[in-house]
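Engineer: Show me the folded form of this:
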Amino acid sequence: MIRTRLLGASLLLALSCGAHASSFIVTTDTIVDATKATSDATSDATASLRDKKVVLEARDDAASFVASQGAVRGARLECAFAYIRQQNPTLAATDAQLAQAIVAI
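Structural biologist: Reported below is the predicted structural model:
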(Lines give C-alpha, C1' and ligand atoms only; values in the text may rest on other atoms or scores of the structure.)
Protein backbone atom coordinates (compact mmCIF):
# COMPACT_ATOMS: atom_id res chain seq x y z
CA MET A 1 0.00 0.00 0.00
CA ILE A 2 2.74 2.45 0.94
CA ARG A 3 4.68 1.35 -2.11
CA THR A 4 1.69 2.16 -4.37
CA ARG A 5 1.28 5.61 -2.85
CA LEU A 6 4.98 6.28 -3.17
CA LEU A 7 4.89 5.19 -6.82
CA GLY A 8 1.83 7.38 -7.46
CA ALA A 9 3.44 10.39 -5.80
CA SER A 10 6.63 9.86 -7.81
CA LEU A 11 4.62 9.65 -11.03
CA LEU A 12 2.74 12.88 -10.25
CA LEU A 13 5.99 14.63 -9.38
CA ALA A 14 7.61 13.50 -12.63
CA LEU A 15 4.63 14.68 -14.69
CA SER A 16 4.49 18.07 -13.01
CA CYS A 17 8.23 18.64 -13.52
CA GLY A 18 7.83 17.80 -17.19
CA ALA A 19 5.01 20.32 -17.52
CA HIS A 20 7.08 23.06 -15.90
CA ALA A 21 10.06 22.28 -18.11
CA SER A 22 8.02 22.37 -21.32
CA SER A 23 6.34 25.61 -20.19
CA PHE A 24 9.76 27.13 -19.54
CA ILE A 25 10.99 26.06 -22.99
CA VAL A 26 7.93 27.55 -24.73
CA THR A 27 8.30 30.82 -22.80
CA THR A 28 12.02 31.01 -23.55
CA ASP A 29 11.46 30.30 -27.25
CA THR A 30 8.81 33.03 -27.44
CA ILE A 31 11.06 35.62 -25.79
CA VAL A 32 14.06 34.71 -27.96
CA ASP A 33 11.96 34.86 -31.16
CA ALA A 34 10.55 38.28 -30.23
CA THR A 35 14.00 39.63 -29.39
CA LYS A 36 15.42 38.29 -32.65
CA ALA A 37 12.63 39.90 -34.69
CA THR A 38 13.24 43.28 -33.03
CA SER A 39 16.99 42.97 -33.51
CA ASP A 40 16.57 42.04 -37.19
CA ALA A 41 14.31 45.03 -37.85
CA THR A 42 16.73 47.43 -36.16
CA SER A 43 19.71 45.96 -37.99
CA ASP A 44 17.92 46.22 -41.33
CA ALA A 45 17.09 49.89 -40.76
CA THR A 46 20.62 50.76 -39.66
CA ALA A 47 22.22 48.75 -42.46
CA SER A 48 20.11 50.49 -45.09
CA LEU A 49 21.32 53.89 -43.82
CA ARG A 50 24.90 52.71 -43.45
CA ASP A 51 25.00 51.77 -47.15
CA LYS A 52 23.80 55.19 -48.34
CA LYS A 53 26.51 57.59 -49.47
CA VAL A 54 24.49 60.72 -48.62
CA VAL A 55 24.22 59.60 -44.99
CA LEU A 56 27.86 58.57 -44.70
CA GLU A 57 29.02 61.89 -46.12
CA ALA A 58 27.02 63.71 -43.44
CA ARG A 59 28.91 62.20 -40.50
CA ASP A 60 31.20 65.20 -39.99
CA ASP A 61 28.28 67.63 -40.23
CA ALA A 62 26.29 65.45 -37.81
CA ALA A 63 29.16 65.46 -35.32
CA SER A 64 29.33 69.27 -35.52
CA PHE A 65 25.55 69.45 -35.08
CA VAL A 66 25.66 67.25 -31.98
CA ALA A 67 28.69 69.03 -30.49
CA SER A 68 27.10 72.47 -30.99
CA GLN A 69 23.72 71.29 -29.66
CA GLY A 70 22.07 72.03 -33.00
CA ALA A 71 23.65 75.41 -33.73
CA VAL A 72 25.77 74.19 -36.67
CA ARG A 73 23.75 72.72 -39.54
CA GLY A 74 25.78 71.66 -42.55
CA ALA A 75 24.42 71.17 -46.08
CA ARG A 76 25.31 67.47 -46.12
CA LEU A 77 23.47 66.93 -42.85
CA GLU A 78 20.37 68.67 -44.19
CA CYS A 79 20.48 66.40 -47.27
CA ALA A 80 20.81 63.36 -45.03
CA PHE A 81 17.84 64.48 -42.90
CA ALA A 82 15.74 64.94 -46.03
CA TYR A 83 16.79 61.55 -47.40
CA ILE A 84 16.09 59.69 -44.15
CA ARG A 85 12.67 61.31 -43.75
CA GLN A 86 11.81 60.58 -47.38
CA GLN A 87 12.74 56.92 -46.96
CA ASN A 88 10.94 56.62 -43.59
CA PRO A 89 7.93 58.97 -43.63
CA THR A 90 6.53 57.57 -40.37
CA LEU A 91 9.78 58.16 -38.47
CA ALA A 92 9.16 60.45 -35.51
CA ALA A 93 12.77 61.32 -34.68
CA THR A 94 14.07 64.80 -33.96
CA ASP A 95 17.01 66.29 -35.85
CA ALA A 96 19.19 65.73 -32.79
CA GLN A 97 18.25 62.04 -32.63
CA LEU A 98 18.93 61.58 -36.34
CA ALA A 99 22.28 63.37 -36.06
CA GLN A 100 23.29 61.14 -33.15
CA ALA A 101 22.33 58.06 -35.16
CA ILE A 102 24.37 59.26 -38.14
CA VAL A 103 27.41 59.85 -35.91
CA ALA A 104 27.01 56.34 -34.47
CA ILE A 105 27.04 54.66 -37.90
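Engineer: Quickly list the domain ranges of this protein.
Structural biologist: Per automatic domain parsing, the domain ranges recorded for the chain read 1-44, 52-105.
Engineer: Check the ones you listed for me: which has the lowest mean pLDDT.
Structural biologist: Here the domains of the chain differ in mean pLDDT, and the lowest is domain 1-44 at a mean of 55.
Engineer: for the protein, what spans make up the helices?
Structural biologist: Taking DSSP state H, the helices of the chain run over residues 2-50, 53-56, 59-67, 75-87, 95-104.
Engineer: Packing partners of the fourth one?
Structural biologist: Secondary-structure packing of helix 75-87 (3 or more Cβ pairs under 8 Å, 6 or more residues apart in numbering; DSSP states H and E): helix 53-56, helix 59-67, helix 95-104. Using the backbone N, CA and C atoms, a C-beta is placed for each residue, glycine as well.
Engineer: same thing but at 6 Å, please
Structural biologist: The helices and strands touching helix 75-87, judged by 3 or more Cβ pairs under 6 Å, 6 or more residues apart in numbering; DSSP states H and E, are helix 53-56, helix 59-67.
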